[in-house]
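# Sequence plus the predicted model coming up.
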Amino acid sequence: MIPELGNFALMLALSLALVQGSLPLIGAWRGNARWIALARPSAAGHFVFILFAFASLVAAFVGNDFSVAYVASNSNSMLPLYYRVAAVWGGHEGSLLLWVTILASWMGAVALFSRQLPPAMTARVLGVMAWISAGFLLFMLFTSNPFDRLLPAARDGRDLNPLLQDFGMIVHPPLLYMGYVGFSVAFAFAIAALLGGQLDAAWARWSRPWTLVAWAFLTLGIFMGSFWAYYELGWGGWWFWDAVENASFMPWLVGTALIHSLIVTEKRGSFKNWTVLLAIVAFSLSLLGTFLVRSGVLTSVHAFATDPRRGLFILAFLALVIGGSLLLYAWRAPSVGLGGRFALFSRESLLMLNNVLLLTATATILLGTLYPLFLDALDLGKISVGAPYFESVFTPLLLPVLLLMAAAPFVEWKQAAFRDVAWRVSRIAQASLLFGLTAWLGWKFSPTVAGGLMLAVWILLGTALHLLQRLSARGHGVSAGRQAARQPLSYWGMLAAHAGVAVFVIGVALVKGGEVSEDASLRVGDSYVSNGWRYSFTDLRKVDGPNYVAARATFEVRGADGSVLMLQPEKRYYTVQQMPMTEAAIDRGLTRDIYLSLGEPGADGAWLVRIQNKPFMAWIWAGCLMIAAGGLLAASDRRYRLARHAASPEQAPAAAVAVS
Amino acid sequence: MTRRQHRLLLLAAALGGLALSAWLILSAFKKNLVFFYTPTQVLAGEAPRNRSFRLGGMVERDSLKREADGITVSFVVTDTARSLPVHYRGILPDLFREGKGVVAQGKLGADQRFVADEVLAKHDENYMPPDAAYALKQGRQTAKVDK
């Protein structure tokens, strides 16, 4: 009964979305206030029905209702409760429902927090979002309904893929989808602005906090996916440049470009067309990512042949959203105007350079990700594009981005004197150059690692110097603390995010340059020395889990510094899916991770063991978290909450000189 | 320099930069493409020498051998028509099984030994990487033609 109610709620939500997508938009066009006023209540109703449908599916999973086909293929009565809830988004259909649920939540949030917006603008934004929701709901109801019954009902479910039975599964997909779907708000704002013809600094100010929050969530989502892959896949890799990861990385790169170009649009009124285009591209790539990962295109292009309706629908939907919005853009954008002029050397042009570099990086990833799929679909041959391509192309594109990151905040808007900026950053440039040379010649790091460390130090020093200058440029009688408290949160957000990139770069450079990985064949009682650490295999026993059996090895690890650790890697065998899994044991530290994983047992009782020492791994994660925190800090800036004055020009001098 | 000349110069520089980066990207792309071959194709001499490629098919039953050091392994990959031995040092993936699909990436040595530096057994419901399934299909077709 509950699944049928859930299904019915989806249909009601679809009809509400159709109302919300048509009447308020027409109302905004004709100036009909009553039709415009429909937008908010219908968004609220839509949210309630979607939430009900989502809760129904959760109930089916919690109650082990194996007469629902989707539950039967993604869950099992032996599965612990929290994984049964997470299994809701373990497959294609449920992921779509999660997507729509998060979209409905964003829509509800827009309806709630948009009181200061002109009603026509709100109506247009909500109307555009309703169309996106309607598209997804149609797709679900016609091709991938999570509530479809299975007759006769299965006695028990096929279980969730053991790889997914992890804490990461509980948080990673919702975080990632919060990011993907969050870009729909930026997209809807862009389309609404094109429809209404209002594209100005006020528009950018409304759009910015939403974009920042979405971007921060996407950062967290990608971080969580990488963090999860690191410990769960069992072999210590954290980024593989595979199509699934690339699909989430591309919208992140474009989103990064977007939050920077929104700054220019808000502060200077320039880049308006460009910002709108970026918002469209960011959301289009999010859609592409959703479909690439969850529709089976990646396992095989021919997976669509089993259900051609799905493939056709997805292609039509993508064509409609991307093609339609680009068409609208081509039609309306020329009338937008160019905004403030700027000189060749100015913060505007440096941010433009940042955008060009980030978009080029995105294009290279898109080429490497889609080209193999494209060839395969046309039966032109089977190829793959591996990590070497992405690394050799991405790194040189990223270098200028890192160089600009420290210097650009010192450059004035509109027109800057090159000599003045060069004088300001010359000391930190010398200091970081000296540091790089010391790392290379003194500490014997390889040139690449030393170069990475040098860039990280350059960014850290640049960020610190900028803060120092900002704090010392205070009026008479103002204390430094007072001056610090005066800085807008968006300024602190920029500092945190930029410093986070530096911390991330330090981690990547040292892990890539200094990790040691060795395979050894060991029996209980054997010892092995790797990188100055001594690993003793002391014990091996059988362990029973709720839905698996495991061999658990115990290692005593003695460090070069005299520390003693105990690590227990496992080899699990999941009984329902008959699948073996490597459960690595990791000892995390500030300056190194010790990573042990069990391979397969040999005939004579020896086990293959992979022993890894990864220096500064934690810094990669810390950097990601700092970047995300920077986004959230900037989004909570006070000026976005100044509802009444939102449309008037900057009043506070502190805000006028704010960097981000 | 007039403003117009200034702009033209800028435009030329931008276009030049774009062309240069496009050239660099495309050449890196071409250099790093990894092609896929079936054992039949490799034995017919279609696979490149001194360049990494992917070999796919099924792990032949009872072909997995581990050497005395416990780390080096060898197994035979077949597409049912022809088969090719593969050598690998290290830990095999969890889903590696005899009689199941596999894809190995590596280089072909002078003595027709395929030395893999990466062995993939994808996490797929049927334990069959799509590339391996493709190789088996091709192999069966060749086998039919041979008869």
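Yes, it's here.

# And the residue of chain B closest to chain A?
Proximity of chain B to chain A (CB to the nearest CB) peaks at residue B:70, 2.8 Å away. Backbone N, C-alpha and C define where each C-beta goes, glycine included.

# Return the per-residue confidence for that residue.
Here the pLDDT value assigned to residue B:70 is 77.

# My guess is it contacts residue A:605. True?
No: with contact defined as CB atoms under 8 Å, residue B:70 does not reach residue A:605; the gap is 10.8 Å.

# between these two, who's got more neighbours?
residue B:70 (19 against 10; other CB atoms under 10 Å in any protein chain shown).

# before we move on, back to that, and the residue of chain B closest to chain A, its phi and psi?
phi 80, psi 0 (degrees, to the nearest 10).

# for the helix or strand harbouring residue A:173, packing partners?
Per DSSP states H and E: residue A:173 is located in helix A:167-196. In terms of contacts (3 or more CB pairs under 8 Å, 6 or more residues apart in numbering or on different chains; DSSP states H and E), helix A:167-196 is packed against helix A:2-30, helix A:81-86, helix A:92-112, helix A:119-143, helix A:201-232, helix A:243-268, helix A:272-294, helix A:324-332.

# Identify the residues contacting the spatially closest residue to the residue of chain B closest to chain A that is not a sequence neighbour.
Of all residues not flanking residue B:70 in the chain, residue A:521 sits nearest, at 2.8 Å (CB to CB, 6 or more residues apart in numbering or on different chains). By CB atoms under 8 Å, 6 or more residues apart in numbering or on different chains, residue A:521 lies in contact with A:602, A:606, A:607, A:608, A:609, B:69, B:70, B:71.

# Of those, which is the nearest to residue B:34?
Nearest to residue B:34, judged by CB to CB, of these is residue B:71 at 24.7 Å.

# Just want the most central residue of the chain.
Here I'm looking at chain A. residue A:218 (2.5 Å; CA atoms, centre = their mean).

# if you could check chain B rather than the one you did, that'd help
residue B:54 (1.6 Å).

# quick one on the thing from earlier: going through the contacts of residue A:521, which ones are buried?
Buried members of the contacts of residue A:521, counted by 16 or more other CB atoms under 10 Å in any protein chain shown: A:606, A:607, A:608, A:609, B:70, B:71.

# mind checking the SS state of the residue in the stretch 51-200 of chain A positioned nearest to chain B?
At 6.0 Å from chain B, residue A:163 is the closest residue in the stretch 51-200 of chain A, using CB to the nearest CB. Classification of residue A:163 by DSSP: H, G, I helix; E, B strand; the rest coil places it in helix.

# Model confidence at it, what's the number?
If you check residue A:163, the pLDDT there is 80.

# For it, grab the count of nearby residues.
As a burial measure, residue A:163 scores 19 neighbours (other CB under 10 Å).

# With residue A:604 instead?
Around residue A:604 there are 8 other residues, counting by other CB under 10 Å.

# follow-up on the earlier one: partner residues bridging the residue nearest to residue B:70?
In this entry, residue A:521 is beta-bridged to residue A:608, by DSSP bridges.

# and it, how far is that from residue A:610?
11 Å (CB to CB, to the nearest Å).

# where does chain B have low pLDDT?
Applying pLDDT under 70 to chain B flags the ranges B:1, B:122-130, B:132, B:142-147.

# follow-up on the earlier one: farthest pair in the buried ones among the contacts of residue A:521?
It's A:607 and B:71 that sit farthest apart of the buried ones among the contacts of residue A:521, by CB to CB, at 11.5 Å.

# List the contacts of the residue nearest to the centre of chain A.
Going by CB under 8 Å, 6+ apart, the list of residues near residue A:218 reads A:176, A:178, A:179, A:180, A:182, A:183, A:248, A:251, A:252, A:255.

# change it to 6 Å
Each residue near residue A:218 by CB atoms under 6 Å, 6 or more residues apart in numbering or on different chains is listed here: A:179, A:252.

# any idea of the pLDDT on it?
For residue A:218, the model assigns a pLDDT of 97.

# what's the answer for residue A:531, then?
Looking at residue A:531, the pLDDT reads 88.

# Now that it has come up, it's in contact with residue A:516, right?
Yes: taking contacts as CB atoms under 6 Å, residue A:531 lies within contact range of residue A:516: 4.4 Å.

# does residue A:312 sit in a helix or strand, and which one?
In the assignment (DSSP H and E), residue A:312 maps to helix A:308-318.

# Dump the helices and strands packed on helix A:167-196 into a markdown table; add distance to residue A:501 as well.
Below are those laid out as a markdown table (distance: least, CB to CB, whole Å):
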| stretch | distance to residue A:501 |
| --- | --- |
| helix A:2-30 | 39 |
| helix A:81-86 | 31 |
| helix A:92-112 | 27 |
| helix A:119-143 | 31 |
| helix A:201-232 | 11 |
| helix A:243-268 | 10 |
| helix A:272-294 | 19 |
| helix A:324-332 | 30 |
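
# tell me which element residue A:158 is part of?
Using DSSP H and E, no helix or strand contains residue A:158.
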